[in-house]
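Peer 1: For reference, the sequence and a predicted model appear below.
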Amino acid sequence: MLETALQTKPSAHAALAARKTPSFVCHVDDLQRTASRIGTASREAGCTLLYSVKANALPGVLTALAPFVDGYGVSSLSEARTARTALGDEGRLHLCAVAVPPGDVSELADNCDYVTFNSLSQLERWGPVFAGCASVGLRVNPGHSFLDDRRYDPCRRHSKLGVSLDDLAAAGDRIAPLIDGLHVHSNCDSTDLGQLLETVHTIDSRIGSVLSQVKWVNLGGGYLFDEGMNVAPLEEAASLIRDRYGAEVIIEPGAAFVRDSGYVVSEVLDLFDSDGKEVAVLDTTVNHMPEVFEYQYRPEVLGHSDAGPHEYVLAGTSCLAGDVFGEYRFDEPLRVGSRVVFTDAGAYTIVKANTFNGIPLPKVYELRDDGSFVEMAVAS
């Protein structure tokens, strides 16, 4: 089914024509179509919609998304600067950081409209400083896991992310004057918004007295909003919070916006046999898509066919022995100079890419429906 979808997706084939390789290609028209779909779901649920910048912080991406969102969610001063440049004086900037460096406080206060602290100690230290210029919130950890892989799980045991519901309930009267809102982020790459509804039922039953005192609840991201996905649970969750507590409901997807519209385009530099398997060395590297190595996942490749007669180990060009993308089959043989396109690469690629071994970062291009390419800036 995935193979069929890729074969009929025009932008995947159009990315093959990128001017140079390696390159990161963002199909901006696809990006905006996705943003429009997510925006419709958000409006129907009555939610304020933010884009979580950490997934892809390219200035061109933020500018393209600006008409479709109410603001951006950021995690650092650097992201805040980039997002504020894209927003100008319009829209809202929400900061949620694991910890706020003291040297960043002044500039964050100048740029951010909402600031969420990750711990009671950070709230008590910095909350009064931000109170005059931003709406202050606290991240809570509902302790309700949906993920088997602990590396992705915000609700893992001994988590560094958010205040437990027990600790929040115990501190309720003490911190109530310091906060306007709560932030809850408890999932990753989920296509089941029923899990979000479960999370909302958990906080409703456990910290209702705190919820009754806040002006907003940010339900975070971690959900992909794929086409055809059932959004009724989001509508029910948002309605529960609004109707019972009178609070504004905010969501901030990240990868959901950008994943499908991004491609890494590479070229075959060498082909040779290694112990009976054909290795194709590409001019890109897993260091351009670090999660391939970090989390040992196999990225999707345009033209791969499970029944294809030509099998290759696709390898990166760095000296790292594990710089390997995986084994793939094609209907036609690869040759030196053939192009290989990694699909669904819009999230957590260019923001994490590095220059290990002195291999330069990919060129970055904007692709449009008419097939035109424009080089994009990587920093504002």
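Peer 2: All right, it came through fine.
Peer 1: so where's the protein shaky on pLDDT?
Peer 2: Along the chain, segments meeting pLDDT under 70 span 1-8, 380.
Peer 1: Which positions in the strand of greatest length in it come out as buried?
Peer 2: Counting by DSSP state E, the longest strand found in the chain is strand 262-274. By 16 or more other C-beta atoms under 10 Å, the buried positions in strand 262-274 come out as 262-268. For the C-beta atoms, the positions are set from N, CA and C on the backbone; glycine is no exception.
Peer 1: ok, that strand: who's next to it in the sheet?
Peer 2: Take DSSP bridges as the rule and strand 262-274 pairs in its sheet with strand 23-27 (antiparallel), strand 277-282 (antiparallel), strand 339-342 (antiparallel).
Peer 1: which other helices and strands contact the longest helix anywhere in the chain?
Peer 2: Using DSSP state H, we find that the single longest helix of the chain is helix 28-45. Applying 3 or more C-beta pairs under 8 Å, 6 or more residues apart in numbering; DSSP states H and E, we find helix 28-45 packed against strand 48-52, helix 59-65, helix 232-245, strand 248-251, helix 255-258.
Peer 1: Please work out which residues outside it touch it.
Peer 2: Contacts with helix 28-45, where a contact means C-beta atoms under 8 Å, 6 or more residues apart in numbering, come from 11, 48-49, 51, 60-61, 64-65, 67-69, 225, 227, 231, 234-235, 237-239, 249, 251, 253, 256-258, 260-261, 346, 366-369.
Peer 1: Which of the residues in it are classified as buried?
Peer 2: Buried residues in helix 28-45, counting neighbours by 16+ other C-beta under 10 Å, are found at 28, 30-32, 34-35, 37-39, 41-42, 45.
Peer 1: with those residues in mind, which one is nearest to Leu302?
Peer 2: Asp30 (14.4 Å; C-beta to C-beta).
Peer 1: distance of that closest one from Thr21?
Peer 2: 20 Å (C-beta to C-beta, to the nearest Å).
Peer 1: can you pull the contacts of Ser318?
Peer 2: By C-beta under 8 Å, 6+ apart, the contact set of Ser318 is 285-287, 356-357, 359.
Peer 1: What are the phi and psi values at it?
Peer 2: phi -80, psi 170 (degrees, to the nearest 10).
Peer 1: Would you map the helices across this structure?
Peer 2: Using DSSP H, helices in the chain cover 2-7, 10-14, 28-45, 59-65, 77-87, 105-111, 120-130, 165-175, 194-206, 208-211, 232-245, 255-258, 291-294.
Peer 1: before we move on, the earlier item: ok, which of the strands paired with strand 262-274 comes nearest Ser76?
Peer 2: By C-beta to C-beta (comparing all of these), the closest turns out to be strand 23-27, at 21.1 Å.
Peer 1: Could the C-alpha coordinates of that closest one be exported in CSV?
Peer 2: Taking C-alpha atoms only, strand 23-27 is exported to CSV below (Å, rounded to 0.1, in the frame of the first residue of the first chain):
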residue,chain,number,x,y,z
SER,A,23,19.7,17.9,-0.7
PHE,A,24,16.8,18.4,1.6
VAL,A,25,13.7,19.2,-0.4
CYS,A,26,10.5,20.7,1.1
HIS,A,27,7.5,20.6,-1.1
